[in-house]
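[1] based on what follows, work out the 3D shape:
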Amino acid sequence: ALSEDDAARAAALIDAEAAAAPLDIAPDTLAPLADRTVFVPSTSSFVSADSIPSGEMIAVHAQEFASLHELLKAARVRAAKLEKKYKILSAGYEKRAGSLRETLTRAHAQGERASIEVTCFTTLRQIEKGVLPQRIEELETLVSQAETQEAGLQSQYARLAAERTRLQNLLESS
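    Numbers count the residues shown, from 1 in each chain. Just a heads-up that it's a prediction; the model follows:
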C-alpha cells in the first residue's frame, strides 16, 4: 500500500510527464516512433533501431523472441488451467445434456413407433370397414345354417325320444 506522501509524489511525477508531452500529437504519429525503438539487452535500455549495429540487432531480436516465447509459455499454462477449470465447471452440464439427449432420442423413437402403429391401425380400420358388410352377411348365413341344422336335430331327437318311449312300452308289455 502506498502512503499519502508516495501517492502525492507519484501524482506530481505523472502530472509533470503529462505537461512535458505535447497535447497536439495524434496517436498515429507515436506508433511509428514506437516501432523504431527497441530494447537493447547489453545496455538494458531502449534506443532507436537505426542507431544499433546489425550484429547487436540479432541480440535484440533474440531477446524479443525469448520474451515472446516466455509469454507464450505462460499463456499456455494459463489456458491449460482455464480449460481444466472449465471442464470441472461444465462436467455436470455435459452429463445432464447427455442424459437429456438420450431421453430425447428414446422419446423420438417411441413417437416414431407410435406414428407407425397409428398409420397401420388406420389402414387396417379402413380395410375392415370395407369388408365388414361381407363378413356380417357370411356370419348371418352361418347362423341361419346353424339354426336350420339345430331345428333338424331337435326334430330328429324328438322322433328318437318318441321311438325310445314306444320301444320301452313294448318291452314292458311283453
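[2] after the helix or strand of the chain with the lowest mean pLDDT, which helix or strand is next?
    When the helices and strands of the chain are scored by mean pLDDT, DSSP states H and E, helix 27-36 comes last with a mean of 54. Helices and strands here follow DSSP states H and E; after helix 27-36, the next one along the chain is strand 37-40.
[3] how far does the longest helix along the chain sit from its chain's centre?
    Selection of the longest helix in the chain by residue count, based on DSSP state H, yields helix 54-173. Averaged C-alpha coordinates place helix 54-173 at 22 Å from its chain's average position (CA atoms, centre = their mean, to the nearest Å).
[4] what average pLDDT does stretch 80-92 get?
    Taken as a whole, stretch 80-92 carries a mean pLDDT of 90.
[5] convert it to CSV, retaining C-alpha atoms only.
    Once side chains and other backbone atoms are set aside, the C-alpha atoms of stretch 80-92 remain, and they are given as CSV (Å, rounded to 0.1, in the frame of the first residue of the first chain):
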residue,chain,number,x,y,z
ALA,A,80,-4.5,-25.3,-19.5
LYS,A,81,-5.6,-24.1,-16.1
LEU,A,82,-8.6,-22.4,-17.5
GLU,A,83,-9.5,-25.4,-19.6
LYS,A,84,-9.3,-27.7,-16.5
LYS,A,85,-11.4,-25.2,-14.6
TYR,A,86,-13.9,-25.1,-17.4
LYS,A,87,-14.1,-28.9,-17.5
ILE,A,88,-14.7,-29.1,-13.8
LEU,A,89,-17.4,-26.4,-14.1
SER,A,90,-19.1,-27.8,-17.2
ALA,A,91,-18.9,-31.6,-16.3
GLY,A,92,-22.3,-31.6,-14.6
